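1. Predicted model and sequence below, questions to follow.
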Amino acid sequence: MTILKSRRLIIGGLILSAHLPMATVWGADSAPKQGSSAEQANVTDEDLRAFAKAYVEYHNIRQNYEPRLNGTKDEEEKEKLQREGDNKVKQALEKQGLTPQSYNRLFVAVNNNQQLRQ
């Protein structure tokens with residue numbers, strides 16, 4: 001695989017899996033860093049609702065694409081599936097008014113604050 005193709009897979013994987021603490025389907029092991037308590041305090045109810053909807057949508061997309069990615073050996077097909085999954089995740093985030101960065105910030109805030117998780 002060329003370096004360019006590797007980078008595309010890694011960059012694409014970051015969008016889909018940046019918030020997950022484990023290695024994911026897309027091969028990116030990139031959990032966000034711990035946020036400051038000031039960042040966590042700036043989470044509104046609207047932010048939480050948008051995050052929750054995007055979180056559910058992300059996991060639905062992942063459940064759909066994970067078996068398909070694991071089931072193919074064809075690199076071109078994997079790249080195609082990766083792009084499709086990335087686009088669906090981007091759309092799900094945009095639908096909620098989130099960027100990958102804001103989603104990850106909210107994930108860290110929720111993950112580090114039991115009150116927000118509830």
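-> Sure, I can see it.

2. Can you point out the buried residues in the strand or helix carrying K80?
-> Secondary structure from DSSP states H and E places K80 in helix 75-95. Using 16 or more other CB atoms under 10 Å as the test for burial, helix 75-95 gives 78, 81-82, 85-86, 88-89, 92-93. Every C-beta, even on glycine, is put in place using the N, C-alpha and C of the backbone.

3. distance of V108 from E66?
-> 23 Å (CB to CB, to the nearest Å).

4. who has more neighbours, those two?
-> More neighbours surround V108 than the other of V108 and E66, with 19 against 16 (other CB atoms under 10 Å).

5. which strands and helices sit next to the host helix or strand of R62?
-> For R62, the host element (DSSP H and E) is helix 45-70. Contacts defined by 3 or more CB pairs under 8 Å, 6 or more residues apart in numbering; DSSP states H and E place helix 45-70 against helix 3-17, helix 75-95, helix 100-111.

6. Just after the shortest one, pick out the following helix or strand.
-> Where DSSP H and E defines the elements, the next helix or strand beyond helix 100-111 is helix 114-117.

7. Kindly indicate whether L98 is helix, strand or coil.
-> Following DSSP: H, G, I helix; E, B strand; the rest coil, the label given to L98 is coil.
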